[in-house]
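J.: Prediction below, plus the sequence it came from.
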Amino acid sequence: MMSACAIVLAVAALLLMLSLLAFVPNAAPIFNAAIFVLFFLQAYTLVGYPLILKMIYAPLRRPHRIDDEYEPSVTLLIAAYNEAGILVDKLANSLQLDYPRDKLRILVVSDGSTDGTDLIASQFADQGVELLPLVPNRGKMTALNEGFKTISSEIVVLSDANVMYDPASIRKLVRHFIDPSIGAVSGKVTLVNEHLSYAVAEVQYYGVEHSIQQLEGDTGSMIGSDGAMYALRRKLYRSLPADTILDDFVISMGVVSQGYRLIHESEAVAYERNVEEIGREFQRKARIIAGGVQTLLRRQIFPPKNDLLTWFKLISHKILRWIIGPMVFLMTILMLFRLWMPPPLSWPVVVLVDMAAVFFLLGCSACFVPALRRLKCVVLPYYLLVMSGASLVGCWRGLLGSQSVTWKQRQE
C-alpha cells in the first residue's frame, strides 16, 4: 500500500512540475529537446549500441589463448529450491557431461527445499553427486555463499537446475582459463519457448543479446553473465550480502572489477525451457531491473576507473536499458503536454509522436487480443512495451528496496 501511494505521489509531483513548466514562455523548445533526447537514448541502447560494437570490433578485438586439452579441476554448483520436478533430468544430464569424472565434482546446494529435492539428490550419491542441505531457506545468495565454502577446485561452473547442458559445454567453457587474463566465461543458453505467445519477440531479443555478449567479450569484457551457465575461477569469488538480488550479475562483474576478463563462449550451449507466460515474465524482468538498481546503489559492479571501454559498455548495455521504462514513461508524458502547448508541433516532433502512437497501439492491441501476438509486426512492440513496464516497476522497487529476494516456485 505504501509503495502504491508513493508511486501516485511521485507521478502527481511530476505532472504538477510539467504543468507549471508548460506555462513558462517559450517552454515548447525545452519539451521538444527533452523528447528527442529521451527518444535518442532509447534508440541508442536498443539499436545504436550494437551497431557501434560492430564498428569498433576489428580495431579493439583482443584474442586470447585457448586450449581444448586443458582440464582443470571443476565443480558444477547447482543451487536449488524445490526442484524435485526437474532435478532427476538435471543430474542425469550432468553425469553425461564430457569431462573426466575424477576432475568434475557435482554439488547440489538445496536451500531449505520441502518437496523431496534433497531425497532425489541423495539418490545419486553413489554416482558421485554431493548434496549440501541448508535449513531453513535463506535465499539463493546464501546458498551460493555456503556452497563456495566447500569448494577447492580451480574452476566453478554455476548452473540453474532447469537448464540442460550440451555434453561438450564444460570443456568449451574451461578451455579459455589456460589464459591467465580470463576470469570468467559465460555460455550460450538457448530458450525453448515456441509454445509461448511472445516466443517470436523473445527469440529476436535474445538473438541480439547473444550477439552483443560475443562482441563485448571479444573486445575485452562482456557486461554480466548468463546466470544459468557461467564459469569462474574459484579464487575470484567474493561472498555477497544475503539480500543480493542479481547474484549472477554481481558475481561476474566482481571478476571484472578485479581486473580479469569476462567473455562469452557461443559453443558452450545449454537449453532452458521457458514456461513463463507474459505475466510471470513481467515479474521476472522487474526483479532483474530491481536487482540492477540495487547494484548501482551499492556500487557493487563498477569496473576499474581506468577501464573506459568497460564503463562505456556498462552504461550502454545495462544502465540505460534498466531505466528504459522510466524514459518511456517520461517521454509519453512530455508528448501529451506538448500536444496542447503552443506553438503547433514541428514536423520532427509530429513524426516522433506518430511513431510512439503506432508503437503503443500495436502493443496494446496484443494485450487485449492475444491472437495478434502471433504476428511479427505486433508481437515485438507488445514485448518491448511489457518489458518497459517491467523496467518502470523494477526501478521503483529497486529504489525503495522492496523487491523480495526469496526463491520463487518454478512454474511447470
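T.: Arrived safely, thanks for sending.

J.: OK, contacts around residue 382?
T.: 198, 201, 362-363, 365-367, 372-373 (Cβ atoms under 8 Å, 6 or more residues apart in numbering). Just so you know, the C-beta spots here come from the backbone N, C-alpha and C atoms, and that holds for glycine as well.

J.: Then residue 265?
T.: 172-173, 176, 185-188.

J.: By neighbours, which of those wins?
T.: residue 185 (29 neighbours; other Cβ atoms under 10 Å).

J.: State the three-state secondary structure for it.
T.: strand (DSSP: H, G, I helix; E, B strand; the rest coil).

J.: where's it relative to residue 173, distance?
T.: 5 Å (Cβ to Cβ, to the nearest Å).

J.: Overlap of the contact sets of these two?
T.: 230-231, 265, 268.

J.: Pick out whichever of these sits closest to residue 330.
T.: Distance to residue 330, by Cβ to Cβ, is smallest for residue 230 among these, at 34.4 Å.

J.: The strand or helix carrying the closest one - contacts with which helices or strands?
T.: Per DSSP states H and E, residue 230 falls inside strand 229-233. Counting contacts by 3 or more Cβ pairs under 8 Å, 6 or more residues apart in numbering; DSSP states H and E, strand 229-233 is packed against strand 155-159, helix 169-174, strand 182-192, helix 247-257.

J.: the strands in this structure, which residues?
T.: Secondary structure of the chain, counting by DSSP state E: strands at 74-80, 104-111, 129-134, 155-159, 163-165, 182-192, 229-233, 261-273.

J.: Now mean pLDDT too, for these, in JSON lines please.
T.: What follows is these, written out as JSON lines (pLDDT from 0 to 100):
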{"stretch": "strand 74-80", "mean pLDDT": "96"}
{"stretch": "strand 104-111", "mean pLDDT": "96"}
{"stretch": "strand 129-134", "mean pLDDT": "96"}
{"stretch": "strand 155-159", "mean pLDDT": "97"}
{"stretch": "strand 163-165", "mean pLDDT": "96"}
{"stretch": "strand 182-192", "mean pLDDT": "92"}
{"stretch": "strand 229-233", "mean pLDDT": "97"}
{"stretch": "strand 261-273", "mean pLDDT": "94"}
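
J.: Could you check these and tell me which one is nearest residue 306?
T.: strand 261-273 (15.0 Å).

J.: report the angle between the axes of the closest one and strand 182-192?
T.: Put simply, strand 261-273 runs at 20 degrees to strand 182-192, going by axes from the mean of the first three to the mean of the last three Cα atoms, to 10 degrees.

J.: Output the below-cut-off pLDDT ranges for this protein.
T.: 1-9, 11-12, 15, 18-23, 193-199, 274-277, 406-412 (pLDDT under 70).

J.: what's near enough to touch the residue nearest to the spatial centre of it?
T.: To find the centre residue of the chain, average its C-alpha atoms and take the closest one (Cα atoms, centre = their mean): that gives residue 288, at 6.1 Å. The neighbours of residue 288, taking Cβ under 8 Å, 6+ apart as the test, are 246, 394.

J.: measure it to residue 237 for me?
T.: From residue 288 to residue 237 the distance is 21 Å (Cβ to Cβ).

J.: closest one to residue 49 among the strands of the chain?
T.: strand 261-273 (15.9 Å).

J.: Using neighbour counts, pick out the buried residues of the closest one.
T.: 261-265, 268-272 (16 or more other Cβ atoms under 10 Å).

J.: quick one: contacts for residue 159?
T.: 76-78, 90, 94, 165, 228-229, 270.

J.: now swap in residue 390 and tell me
T.: Counting by Cβ under 8 Å, 6+ apart, residue 390 has contacts 282-283, 285-286, 289, 325.

J.: Nearest to residue 43, out of the residues you listed: which one, please.
T.: residue 325 (15.4 Å).

J.: Would you mind listing the buried residues in stretch 146-157?
T.: 146-148, 151, 153, 155-157.

J.: mind giving me the domain ranges of the chain?
T.: 2-50+321-400, 74-302 (automatic domain parsing).

J.: Adding distance to residue 60 as columns, could you present these in CSV?
T.: Below are the domains of the chain laid out as CSV (distance: least, Cβ to Cβ, whole Å):
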stretch, distance to residue 60
domain 2-50+321-400, 14
domain 74-302, 4
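
J.: Can you tell me which of those domains is nearest to residue 61?
T.: domain 74-302 (5.4 Å).

J.: End to end on the closest one, go ahead and measure it.
T.: 28 Å (Cα to Cα, to the nearest Å).

J.: Pretty sure residue 297 sits against residue 398.
T.: Yes - the criterion here is Cβ atoms under 8 Å, and residue 297 meets it with residue 398 at 7.3 Å.

J.: more neighbours, those two?
T.: residue 398 (25 against 11).

J.: Verify the stated contact: that one with residue 290.
T.: Yes - Residue 398 is within contact range of residue 290, at 4.0 Å (criterion: Cβ under 8 Å).

J.: of the contacts of residue 265, closest to residue 25?
T.: Looking across the contacts of residue 265 and measuring by Cβ to Cβ, the closest to residue 25 is residue 186, at 53.4 Å.

J.: Specify the beta-bridge partners of the closest one.
T.: residue 230, residue 264 (DSSP bridges).

J.: Quickly note the distance from it to residue 336.
T.: Where residue 336 is concerned, residue 186 sits at a distance of 41 Å (Cβ to Cβ).

J.: Pipe the shared contacts of residue 185 and residue 173 into CSV and attach distance to residue 43 per row.
T.: Listed next are the shared contacts of residue 185 and residue 173 as CSV, based on distance: Cβ to Cβ, whole Å:
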residue, distance to residue 43
230, 30
231, 35
265, 30
268, 32
